[in-house]
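J.: All I have is the shape, not the residue letters:
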């Protein structure tokens, strides 16, 4: 199998690439990434010399490039993770999210449709999305695969649009597809602008921990390696033209999560208990902030036998240990030096 994984140098993508390269030695895994600010080839140093791994630098927004790539390599499947994903950035520059998340997705769909039209049977286009397309929940209830879409940020609106295009290509052209919508991920190799890696780095450096509003926004958290395992199952065993929601059954209010992280970090750094918690600073809320996300993952559990392998407390401790043991990676990311790795290895 020739398998294209887009966004494979990013946080979730690198874990998916690693899993497929290591678990399927007979597959040729092609990692396509534009290496924008969050794409980091240092995430994949441990598998870059595997004979079944191939890196391609390119942008899914570049339609001629994507078309040529699909002609050059006869892909049997696509796992599409490449996306702009930070809500705050989407508020500042919505069009960047339209270009990558909508137009980029349609470019991939068009290339697949054109090249696969006579051999759909063994092909599969798997689109990885987010629970944010469903909007915000109240204090009760869970998102299911049939929940109505109600995106509240430019980011979630762009992902909702891409979901609709994937489904439309399946219905209109018969393109074989699968979609999954996942809750918040955390774990190793996470770019330090998202909550957990940002606060780990800030606690190390004794910097302020900015918490939006009253800190009572609730999210469902999933360890990234469990997400990669779910993607593996959906790609290989998921039903065609179906959506699977992937969640951790693991809700935390932001402020409670931050306080737990502070407690873990104080212990790991041999600091006095409560020292890091003093760094918490409540800041002005962001526009359109969704109150609560929570996923009902019973479908993927019943049909494919998937469930999270670690508790949040276990996963958080593993995550903290990884960042403390990989200070060079963290220093390269925060300083921007990680961008030089591509030049060093691939120029």
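T.: Cool, the structure landed. All figures in this text were calculated on a predicted structure; none of them were measured in a lab. Numbering: from 1, shown residues only.

J.: Please count neighbours and contacts with C-alpha atoms only from this point.
T.: OK.

J.: Distance-wise, check residue 279 relative to residue 101.
T.: 35 Å (Cα to Cα, to the nearest Å).

J.: who's more crowded, the two?
T.: It is residue 101, of residue 279 and residue 101, that has more neighbours when counted by other Cα atoms under 10 Å, with 27 against 17.

J.: Without its sequence neighbours, what residue ends up closest to that one?
T.: residue 83 (5.3 Å; Cα to Cα, 6 or more residues apart in numbering).

J.: give the contact list for the one you found.
T.: Contacts here follow Cα atoms under 8 Å, 6 or more residues apart in numbering; on that basis residue 83 touches 7, 97, 100-101.

J.: Could you report the pLDDT at it?
T.: Among the per-residue scores, residue 83 holds a pLDDT of 95.

J.: Ok, residue 347 next?
T.: Model confidence at residue 347, given as pLDDT, is 63.

J.: same deal with residue 214?
T.: The model reports residue 214 with a pLDDT of 86.

J.: count of neighbours near it?
T.: Residue 214, neighbours per other Cα under 10 Å, totals 12.

J.: Helix, strand, or coil at it?
T.: For residue 214, the assignment made with DSSP: H, G, I helix; E, B strand; the rest coil gives coil.

J.: Quick check: buried residues in the longest helix along the chain?
T.: When secondary structure is assigned using DSSP state H, the longest helix within the chain turns out to be helix 154-173. Going by neighbour count (16 or more other Cα atoms under 10 Å), the buried part of helix 154-173 is 154-163, 165-167, 169-170.

J.: any idea which of those residues is closest to residue 339?
T.: residue 155 (24.6 Å; Cα to Cα).

J.: Contacts only, for the closest one.
T.: Taking Cα under 8 Å, 6+ apart as the test, what residue 155 contacts is 84-87, 90-91, 94, 97.

J.: Select from those the one having the most neighbours.
T.: residue 97 (25 neighbours).

J.: Please enumerate the helices of this protein.
T.: For the chain, applying DSSP H gives helices covering 11-23, 63-72, 87-92, 94-97, 104-116, 154-173, 195-204, 224-237, 254-268, 298-304, 312-325, 327-335, 340-346.

J.: who's in contact with the second one?
T.: With contacts defined as Cα under 8 Å, 6+ apart, helix 63-72 is touched by 58-60, 104, 107-108, 111-112, 115.

J.: what's near enough to touch the residue nearest to residue 187 when sequence neighbours are not counted?
T.: When the adjacent residues along the chain are set aside, residue 187 lies closest to residue 319, with 4.9 Å between them (Cα to Cα, 6+ apart). The neighbourhood of residue 319, defined by Cα under 8 Å, 6+ apart, consists of 186-188.

J.: run the last query once more with 10 Å
T.: Contacts for residue 319 (Cα atoms under 10 Å, 6 or more residues apart in numbering) come out as 186-190, 196-197, 200, 223-224, 313, 325.

J.: pLDDT wise, what is it at?
T.: The per-residue pLDDT of residue 319 was computed as 98.

J.: where's it relative to residue 219, distance?
T.: Using Cα to Cα, residue 319 is found at 18 Å from residue 219.

J.: what do you get for residue 271?
T.: Taking Cα to Cα as the measure, residue 271 and residue 219 are separated by 28 Å.

J.: Give me the more crowded residue out of these two.
T.: residue 219 (21 against 12).

J.: That one and residue 294 touch, don't they?
T.: Yes: with contact defined as Cα atoms under 10 Å, residue 219 counts as touching residue 294 (6.5 Å).

J.: shared neighbours, these two?
T.: 183-184, 248, 250-252.

J.: what's the model's confidence in the longest helix of the chain, averaged?
T.: Averaged across helix 154-173, the pLDDT comes to 97.

J.: Would you mind pulling the contact partners of stretch 145-153?
T.: 87-88, 90-91, 94, 131-136, 156-161, 164, 179-181, 242-246, 287-290, 295-297, 299.

J.: let's go with 6 Å and repeat that
T.: The contact list for stretch 145-153 (Cα atoms under 6 Å, 6 or more residues apart in numbering) reads 133-135, 157, 288.
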